[in-house]
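Undergrad: My questions concern the predicted model and sequence given below.
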Amino acid sequence: MNNLYIMQKTFNNTFLYYLLLIFIVLLLFINNSSFQDNNPTCNNFVINIYLYLAFSVCLVGLFAYLINFLLYKNTNNLYKPLEPFKIYDELGGMGFYILSVILTFVLIFLITLSQTFGNENIFYNHLIWLLFLACISYSLYPRFKSIYSFMFVDQAVLITSLIFISATFFYYMFADFFKQYDTAIGMGLLLALFVIIILELLHLLFFKYSFSFFKFSSYFVIVLFSMFVSYDTLEMVKREEQCTSLPNYPKLSIDFFLDILNIFSRVLFLRSK
């Protein structure tokens, strides 16, 4: 079966052209909708957050293509799916990979510390955001290239998109409920996230790896972050009312992006087993 996978192509050029087209279109929309006199504007606030979210997903794909090109541009492996250990070796080994994960958390921390509104550091905000997306692409790249998961990426993207749309629609169906119990819902979601992180860490440290356990926990994580999408939609609506000047759209879109990232990772895990 592995030979069959190797015969198939990954990082197809046709999909790259689609990504480049989407990149250009989103860039034009962001320039026209999100900026006024070269500064971020509060006009079209909700639309702008979704534009930055879509742009983030598009950039992750383009960064992954760039990584693949830089690693294999002069080899026969440019379009070939590979064994995971070969991919990690090409990326500099697990030590370098772990370092990139640490850098990702540092960048998230810096993004969190930046001002949400009235932020004049437009270049800095976008720079750390782009570095964060590059690190995420580096972390996700092995899954895009692996013989065990590359053929499920398209399905995972589609399923994640449907979940995101459904969770957003769920908020608007029950907006009054979310507004009434927003604090309790937020605390409950954070507690649930903390519990699942602890359980998975304990399982990895003290028990033999069990696919059944992580299959169950992955379904739980998908439901949990689907609820986070609904809750973050509430937060977005609240921030729209607070916006007065110079919104930090990279920061405002990051919660949605992390929701999507977690859902996508778990869906891909379940599909690829």
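TA: Yep, that arrived.
Undergrad: quick one: residue 239 and residue 252 touch, right?
TA: Yes - at 6.6 Å, residue 239 counts as touching residue 252 under the criterion of Cβ atoms under 8 Å. Heads up, the C-betas are built off the backbone N, CA and C, glycines and all.
Undergrad: which residues do the two both contact?
TA: Common neighbours of residue 239 and residue 252, using Cβ atoms under 8 Å, 6 or more residues apart in numbering, are residue 116.
Undergrad: Which of the two has more residues huddled nearby?
TA: The neighbour comparison of residue 239 against residue 252 (other Cβ atoms under 10 Å) goes to residue 252, with 24 against 17.
Undergrad: tally of neighbours for the residue nearest to residue 146 when sequence neighbours are not counted?
TA: Closest residue to residue 146 apart from its sequence neighbours, by Cβ to Cβ, 6 or more residues apart in numbering: residue 84 at 5.0 Å. The number of residues packed near residue 84 is 14, by other Cβ under 10 Å.
Undergrad: per-residue confidence at residue 28?
TA: For residue 28, the pLDDT comes out at 95.
Undergrad: What values do phi and psi take at it?
TA: Dihedral pair for residue 28: phi -70, psi -40, per degrees, to the nearest 10.
Undergrad: Okay, it and residue 220: tell me how far apart.
TA: For residue 28, the distance to residue 220 equals 40 Å [Cβ to Cβ, to the nearest Å].
Undergrad: Look at those two and report which has more neighbours.
TA: The neighbour comparison of residue 28 against residue 220 (other Cβ under 10 Å) goes to residue 220, with 16 against 10.
Undergrad: Pretty sure the more buried one sits against residue 196.
TA: Yes - using Cβ under 8 Å, residue 220 and residue 196 qualify as a contacting pair, with a distance of 6.1 Å.
Undergrad: buried ones in whichever strand or helix holds residue 240?
TA: Under the criterion of DSSP states H and E, residue 240 resides in helix 211-242. With burial defined by 16 or more other Cβ atoms under 10 Å, the residues of helix 211-242 counted as buried are 214, 217-218, 220-222, 224-237, 239-240.
Undergrad: Report the mean confidence score over that helix.
TA: Averaging pLDDT along helix 211-242 gives 92.
Undergrad: Please apply the same query to stretch 82-94.
TA: Mean per-residue pLDDT for stretch 82-94: 86.
Undergrad: Kindly report the same for stretch 69-79.
TA: Average pLDDT, stretch 69-79: 89.
Undergrad: Now do the phi/psi pair for residue 40.
TA: Per-residue torsions, residue 40: phi -60, psi 140 (degrees, to the nearest 10).
Undergrad: same thing with residue 77?
TA: According to degrees, to the nearest 10, residue 77 has phi -100, psi 10.
Undergrad: neighbours of it, just the number please.
TA: Neighbour count for residue 77, taken as other Cβ under 10 Å: 18.
Undergrad: Compute the distance between it and residue 96, please.
TA: 19 Å.
Undergrad: pretty sure the residue nearest to residue 146 is touching residue 148, no?
TA: Yes - shown here, residue 84 and residue 148 form a contact pair, counting by Cβ under 8 Å, at 7.1 Å.
Undergrad: Would you mark the buried spots in the host helix or strand of residue 102?
TA: Assessed by DSSP H and E, residue 102 sits inside helix 93-113. Neighbour counts over helix 93-113 (16+ other Cβ under 10 Å) mark 97, 100, 103, 104, 107, 108, 110, 111 as buried.
Undergrad: could I get the residues you listed as a markdown table with pLDDT?
TA: Listed next are the buried residues of helix 93-113 as a markdown table, based on pLDDT from 0 to 100:
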| residue | pLDDT |
| --- | --- |
| 97 | 79 |
| 100 | 86 |
| 103 | 92 |
| 104 | 92 |
| 107 | 95 |
| 108 | 94 |
| 110 | 95 |
| 111 | 95 |
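Undergrad: Out of those residues, which comes closest to residue 205?
TA: Among these, residue 97 lies closest to residue 205 (Cβ to Cβ), at 19.5 Å.
Undergrad: who touches the closest one in this structure?
TA: For residue 97, the contacting residues are 88, 91, 138, 139, by Cβ under 8 Å, 6+ apart.
Undergrad: if we can go back for a sec, the helix holding residue 240: what's the following helix or strand?
TA: For helix 211-242, the following helix or strand on the C-terminal side (DSSP H and E) is helix 249-272.
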